[in-house]
Structures are given as structure tokens and as C-alpha cells.
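K.L.:
Show me the folded form of this:
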Amino acid sequence: MNTVNLKITGMTCGSCAKLNESAILAIEGVKSAKVNIANNKAQVEFNEKKTSVKEIITTVEKIGYGASEIAAMDHDMGEENEKETKIARNRFLGAALFTIPVFSAMVAPELATGIKWLGLDLIMWMHMVFTAIVVFVFGWHFHKSTAKKLMHLRSNMDSLVSLGTLSSFFYSFWAMFSGHPVYFEAAGAIITLINLGKWLEDINKGKASNALKKLLELGAKDALVIRDGKEIKIPLEEIKIGDILHVKAGEKIPLDGQIISGEASIDESMLTGESIPVDKKEGEEVFGATINLNGNIKVKVTKFQSDTILSRIIAMVEDAQMSKAPIQKLADTISGIFVPIVMVISIITFVTWYLLSGSIETSILPAVAVLVIACPCALGLATPTAIIVGTGVGAKNGILIKNGETLEKSNKIDIVVFDKTGTLTSGEPKVTDIVTFEFPKERVVKIATSLASLSNHPLSKAIAKYGEDQKSDKATLINFKEISGQGVIAECKEHGTKILLGNKKLMDKENIRIDDSALKETLKLSNDGKTPIFVAHGDILIGVIGLMDTVKEDSYEAVNKLKKLGIKILMITGDNENTAQAIGKTLGIDKVLAEVLPEHKASEIKKLQESGKNVAFVGDGINDAPALAQADLAIALGTGTDIAMETGNIIIMQGSPMKVFTAIKLSQRTFSTIKQNLFWAFVYNVIGIPIAALGLLNPILASLAMSMSSVSVVTNSLRIKRFR
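P.N.:
As a prediction, this is how the structure comes out:
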């Protein structure tokens with residue numbers, strides 16, 4: 001299967017998007033088609049053996065729209081939006097220039113010149129000519145679009161505007177010579193106000209797409225590459241994997257790679273949403289578009305431009321913005337049949353009024369008002385604009401929301417299940433307690449650090465780091481020996497004394513006596529969920545070190561805020577019961593599932609679902625893949641390259657539990673906005689069309705209301721930008 005992104009031109013409302021989708025899906029070999037009215041894009045998945053991009057484009061053109069292929073990441077997207085906004089502005093200003101004199105003269109009849117031609121005052125001819133310019137020049141795009149659709153027996157919002165303004169204009173032209181009141185100002189005002197609405201809509205749609213535009217602008221355009229001993233600046237497209245880049249202080253890191261020389265403080269806020277710089281040294285990974293704040297580093301390129309973390313983020317945001325929430329299906333269905341229904345209602349309105357009054361003048365105004373009050377635009381824009389803004393805000397904060405369906409799922413979550421290690425905790429053991437017997441603490445730490453620094457075991461590394469942080473001295477050791485599953489033994493070169501660091505098994509094996517007071521301390525550490533490690537000097541136990549996978553700083557706040565949303569919190573882990581319960585109690589977690597093997601986590605999620613609960617699972621996205629796949633909402637937590645982007649519905653680009661709360665809250669806010677938009681779009685049409693049909697709404701006010709309904713939907717969506 002191939003995927004192509006298309007730019008669709010000529011779309012004006014939700015029915016246009018529905019029409020294009022239906023036409024593309026009817027092509028043999030097309031698997032899926034998503035058309036987005038908010039950014040005028042289409043994403044089509046198709047079998048290249050059965051159809052082609054050319055055939056898809058031809059199909060779109062046949063139904064009266066324009067189409068052209070674009071790259072998956074369109075760097076000219078912002079320029080295209082600005083171009084369309086400028087065209088809409090010029091149409092409005094031109095129409096307003098000619099409509100204002102007509103409107104002024106109509107409300108001030110005393111402006112008549114007294115000069116007549118063919119029995120009509122010159123001012124009346126001016127009305128007609130100026131209105132014709134507005135309707136057939138600045139409103140030509142409506143009529144052109146309608147004609148194209150009519151050739152294929154199709155219709156859209158343009159059809160309503162075209163039919164309404166042409167009816168008003170030609171009726172007024174006839175009325176000029178028959179002595180009836182004319183309504184040229186109505187035709188001109190409708191075109192002017194709808195062009196105004198379109199201009200404001202384009203401005204706001206551009207604001208909605210700003211997040212993706214800013215992401216596209218983040219990347220560097222070129223890089224300083226070291227080749228044949230010389231530094232040359234070349235475009236990113238020419239850089240190969242394995243090239244060495246020189247990145248100076250203040251410069252953007254061009255591509256993902258590994259530092260091979262130097263140290264630097266890196267601003268990774270574009271990736272994680274966090275402003276605190278990250279210190280990086282030789283051997284550590286860096287990512288394209290992040291900023292080297294200080295220091296000179298040389299970076300070996302490990303990924304092409306199209307494979308960088310930034311490129312993957314942009315691709316995911318684009319996919320999310322092209323997606324549809326299930327709630328949109330109703331709006332799409334209504335948009336697809338909306339225009340024909342409105343036309344029928346308009347005809348019925350005209351006929352009914354004519355039968356009641358016998359007057360064309362009395363009948364034409366409510367019929368035109370019905371045409372211009374109807375607004376499929378608001379229905380079509382309700383969902384995509386909110387998704388575009390919501391996913392953009394998320395991306396800016398290091399939260400990637402994969403699709404519109406995720407927003408709907410987030411709104412229904414009853415339980416959030418956190419994996420423990422690496423999610424609520426740091427995933428690395430840290431020294432929490434030093435208990436000493438006979439020897440002073442400094443000496444116990446020195447002996448433990450000296451032994452631990454020679455071992456690669458995670459617990460030894462934690463002890464060695466603690467010693468470094470305490471600036472502890474180290475003894476020179478000989479005859480070092482590491483015993484798997486027990487600990488380490490060596491001799492102090494200076495004193496020739498045997499020293500030991502390990503668990504109880506090692507102490508028992510080496511006949512180190514653990515008295516009642518030491519056992520009591522050990523039991524206390526174990527009950528608190530800590531791992532006790534013994535330190536011995538000669539045949540004497542001199543200390544016990546407590547280690548624990550410590551809770552992340554914001555885990556408590558995340559759990560507390562999620563509970564305030566009415567969500568129950570569970571923690572699942574393979575750790576022993578004591579450790580798990582201790583952490584659960586510290587964080588205020590509702591229920592702890594301990595000693596659960598990775599392959600059994602998914603079945604625990606399934607049990608919760610079978611009890612009727614909607615479950616979100618938060619894991620690292622790699623070894624928790626089965627549980628993530630089973631959950632109703634999968635939240636993958638991680639940093640940079642260790643994140644499994646394919647697994648989660650929501651992906652958090654750093655290991656902060658607080659971002660889980662932010663992601664769910666943002667999703668709920670976005671989905672709430674979608675519901676608000678759809679509610680007001682439906683209510684607007686349900687109330688507005690009958691009022692217009694009853695003759696209680698002037699066509700000019702109807703056109704203003706129609707334009708403002710679309711603008712209000714987009715503006716309401718933009719409120720998501722204020723999310724904090």
C-alpha cells in the first residue's frame with residue numbers, strides 16, 4: 001500500500017470534504033481516504049497496482065475541485081495559507097467598496113439624482129452596475145464552483161450562496177422595470193459578508209495550523225561537516241550517515257547523532273516541552289533541531305533527515321490532524337446531504353409564501369434567507385479545527401496525540417494503570433539509607449564505594465555514585481572477586497583486610513554474623529520496600545545500605561490530580577509485594593498489583609475491562625507493549641529514541657508522570673470543544689433555517705449570521721491554545 005498527501009483546492013464546507021472522500025473511496029484500489037476541510041488536505045492510502053496518484057487527482061478534478069500532490073511534510077504550507085487568506089481579504093475589500101455605496105443609497109432615497117435613462121433614475125442604474133460587479137466579479141468563485149458541481153449533479157455551500165445571490169440580483173433586475181421594490185443591496189451584502197466570513201475563517205485556520213508550521217521551522221537547513229580534515233557547510237539533504245558534524249555553542253544540532261567529542265548543555269524543549277537544559281557528554285545521543293547552548297561538540301550522524309525524531313514527530317502530528325473522531329461521522333453524514341435538503345426547504349418556502357401572499361416580492365426574501373442562513377461550514381469545521389489546535393498544543397508540550405479517536409477515548413477513561421519501574425519511579429536504584437555498626441559512616445561509605453566502583457551491577461553503580469556525590473575517598477584493593485547473585489569481595493592493599501559488599505547470602509557464605517539489631521534494621525528497610533546491602537570489614541558487619549528505585553518528583557502530583565478528575569489509579573509491577581505496597585502507599589495509589597510478570601500485565605488490563613471499565617495503561621512503550629495494546633487508551637512514556645512511537649495512542653516525549661495528567665486533560669478539553677462546536681453548529685441550523693423560512697430574518701442578516709457561525713467555531717477551537 002502507498003500513501004499520498006494531496007492539496008485540495010475549491011473546498012468551502014464539510015459537504016465538499018465528504019464529496020471528495022466519497023469520490024476517492026469509489027476508485028478501485030483505494031483503501032482509505034481522509035479529507036480535512038480545516039487544512040484543505042487529503043491523505044489517501046491506495047494499492048499502486050490497481051490505481052495511481054494521477055487517477056486520484058483526475059477523479060477529484062472531475063467533481064469540480066483542484067488537486068496536487070504534496071510532500072508528507074509540506075514546508076510551503078504556511079505560504080499557501082497566507083496566499084489564500086490574502087485572496088479572501090481582497091475579495092472582501094473589493095466587494096465592500098462597491099456594496100457600501102449601494103447600501104447607503106438604498107437606505108437614503110433622497111440621494112436620487114433626478115437624471116433618468118430608460119425611465120429609471122441614474123442612481124438605480126448605479127445600484128445595478130455596482131451590484132453586478134460585486135456578484136459577478138468578487139462573487140464569481142461561488143458561481144464558478146456551483147457550475148462545476150452542477151455538471152456532475154453535485155452541490156455545496158457555494159451552491160447556496162450562488163443561488164441566493166443570483167435569485168436576489170435577477171429578481172431586483174426584473175423589479176427595476178416592473179415598479180416593484182428592488183433588493184440589490186441584499187445580493188451585494190450577502191457576497192460581501194460571506195467573503196468577510198471566509199477571510200476571518202482563513203485567518204483563524206492559519207492560527208490553528210501554526211503549531212505544525214513552527215515544528216517545520218525548527219529544523220536546521222545546513223550543517224558544518226568535517227570531510228578530508230576540512231569543515232564545509234552543506235545542506236542537510238547531502239549529509240550521510242556516519243558524517244562528523246561540528247556543532248558550536250548557540251547552534252542547532254542538525255540531525256540525530258552521537259557525541260564523539262566534547263560536552264554541551266542541550267536545550268531539548270522542542271522535543272520534551274521542558275525548558276531545563278540537559279547536559280550531554282561523549283557517547284550520549286543528541287537530536288536534530290535541539291540547541292547547543294554552550295560548548296563545542298562533534299557529532300556522528302546516525303539518522304537521515306527523514307528518520308530524525310523531529311521528522312517522526314511532524315509526521316505523527318500531521319497524521320493526527322488528518323484524522324477524524326468517531327463523533328464526526330454524524331456531522332459528515334449530515335454535511336453530505338445538507339445542501340440538497342436546504343435547497344428543497346428554500347423551494348418549499350418560496351412556494352408556500354407565494355400561495356399565501358400571491359407576491360413574488362414577499363416570497364423571494366424568505367427563500368433567499370433560507371439559502372444563505374444554512375451553514376454546512378460550521379458543521380464541517382467543528383471537529384478538524386479543534387483536533388488541529390489540540391494536537392498542536394500537545395506537540396508543543398512534548399505530548400503527541402495520535403488521532404481524533406484518542407480524544408474520544410480519553411474522555412471515557414475510568415482507570416489509569418501505571419507501570420512502576422521507569423514510569424512512576426526513576427528506574428534506577430538510589431541509596432536511601434546508611435546504617436552503621438561500630439565504624440563511622442564515612443569509613444563505611446569509603447569501603448562500600450571502593451568495592452562498588454569495581455562492579456557493573458546496577459546496585460553497585462548506585463552505591464558508587466552515592467560515594468562520588470559524597471566525595472568519598474577510595475581504598476586501593478587487590479584480589480577483587482565478584483560472585484554472581486551475591487556481591488563482591490576484595491582485600492585492602494594497605495591493611496591486607498578482607499572487605500565485603502553484598503546480600504545476606506554472601507554474608508552467610510563468608511560466616512559474617514548478623515546480630516539481632518542488624519536483622520531488625522534489615523527488616524525495617526525491607527518493609528519499606530528497600531533492598532538491604534551489607535558491608536563487612538574482616539569478620540565484622542559494619543553497615544547496611546538501603547537502596548530503592550526512587551519515586552519521580554512529580555509522581556505524587558500526577559496521581560493526585562488524576563484522582564481529582566474522578567479517575568481511579570492502579571499500579572502494576574513485577575517487584576515484590578513489600579516494595580510495591582510501600583511505593584503505592586507513598587503515592588496514594590488506590591490499588592497495587594505486585595509480582596506480575598510482563599506477559600501477564602495485559603491479562604490484568606483485560607480483567608479490568610471485563611468488569612466494565614475503560615482503562616488507560618501508562619508504560620515505557622517497549623516491554624509493556626502487550627499491555628499497551630490491550631488497553632482502551634495506551635500512553636507510552638519515554639524519552640527520545642527509547643520510545644516506541646508505534647505503540648501508544650498518546651506518546652509523551654519525556655519520562656514525566658505529570659505529563660500523563662496533562663495529556664488526558666488536554667484530550668478532554670479538545671473533545672469537549674468538539675462537542676461544543678458540533679452542538680452550536682447543529683443548534684444554529686435547527687433554529688436559523690425555520691426563522692428564515694418564516695420570513696423573520698432579512699437575507700443580509702442571514703448572510704452575516706452564516707459567516708459568523710463558521711468564524712465562531714474556529715475561534716472557539718482556538719481557545720484550546722490557552723490550555724495550561
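K.L.:
Point me to the residue sitting closest to the centre of this structure.
P.N.:
Thr391 (2.1 Å; Cα atoms, centre = their mean).
K.L.:
quick one: that residue and Ile203, what's the gap?
P.N.:
20 Å (Cβ to Cβ, to the nearest Å). (Glycine included, C-beta is placed from N, CA and C.)
K.L.:
Same question for Lys49.
P.N.:
The gap separating Lys49 from Ile203 is 43 Å, by Cβ to Cβ.
K.L.:
of the two, who's got more company?
P.N.:
Ile203 (17 against 8; other Cβ atoms under 10 Å).
K.L.:
show me what contacts the more buried one?
P.N.:
For Ile203, the contact set (Cβ atoms under 8 Å, 6 or more residues apart in numbering) comprises Thr85.
K.L.:
so it sits in a helix?
P.N.:
Yes: with DSSP: H, G, I helix; E, B strand; the rest coil as the criterion, Ile203 is part of a helix.
K.L.:
so what pLDDT did it get?
P.N.:
pLDDT, Ile203: 76.
K.L.:
for Ile415, same thing?
P.N.:
So, for Ile415, pLDDT stands at 95.
K.L.:
doesn't Phe617 make contact with it?
P.N.:
No: distance between Ile415 and Phe617: 9.3 Å, which falls outside the contact criterion (Cβ atoms under 8 Å).
K.L.:
quick one, which of those two is more surrounded?
P.N.:
Legend: neighbour count by other Cβ under 10 Å for Ile415 and Phe617, higher for Phe617 (30 against 22).
K.L.:
show me the biggest helix of the protein in terms of residues.
P.N.:
helix 658-693 (DSSP state H).
K.L.:
so how far is it from its chain's centroid?
P.N.:
Centroid separation for helix 658-693 versus its chain: 18 Å, with Cα atoms, centre = their mean, to the nearest Å.
K.L.:
Give the other helices and strands that the helix or strand following it contacts.
P.N.:
Following helix 658-693 in sequence order, the next helix or strand is helix 699-718 (DSSP states H and E). Applying 3 or more Cβ pairs under 8 Å, 6 or more residues apart in numbering; DSSP states H and E, one finds that helix 699-718 contacts helix 157-178, helix 184-208, helix 360-373, helix 376-396, helix 658-693.
K.L.:
from these, which stretch is densest packed?
P.N.:
Compared across these, helix 376-396 shows the largest average neighbour count, a mean of 29 (mean count of other Cβ atoms under 10 Å).
K.L.:
What helix or strand is the closest residue to Asn649 other than its chain neighbours located in?
P.N.:
In this structure, Asn649 finds its nearest non-sequential neighbour in Thr406, 4.3 Å apart by Cβ to Cβ, 6 or more residues apart in numbering. Assigned by DSSP H and E, Thr406 belongs to helix 404-410.
K.L.:
so what's Ile583 up against?
P.N.:
Counting by Cβ under 8 Å, 6+ apart, Ile583 touches Lys420, Leu424, Thr425, Gly529, Val551, Met571, Ile589, Val592.
K.L.:
Does it lie in a helix or a strand, and which?
P.N.:
helix 577-587.
K.L.:
could you dump that helix to CSV, C-alpha only?
P.N.:
Output of helix 577-587 as CSV, limited to C-alpha atoms (Å, rounded to 0.1, in the frame of the first residue of the first chain):
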residue,chain,number,x,y,z
GLU,A,577,4.8,-7.1,47.4
ASN,A,578,6.7,-5.1,50.1
THR,A,579,8.4,-2.7,47.6
ALA,A,580,5.3,-2.2,45.5
GLN,A,581,3.0,-1.6,48.5
ALA,A,582,5.5,0.9,50.0
ILE,A,583,5.5,3.0,46.8
GLY,A,584,1.8,2.7,46.4
LYS,A,585,1.2,4.0,49.9
THR,A,586,3.6,6.9,49.4
LEU,A,587,1.8,8.0,46.2
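K.L.:
Many thanks, we can stop here.
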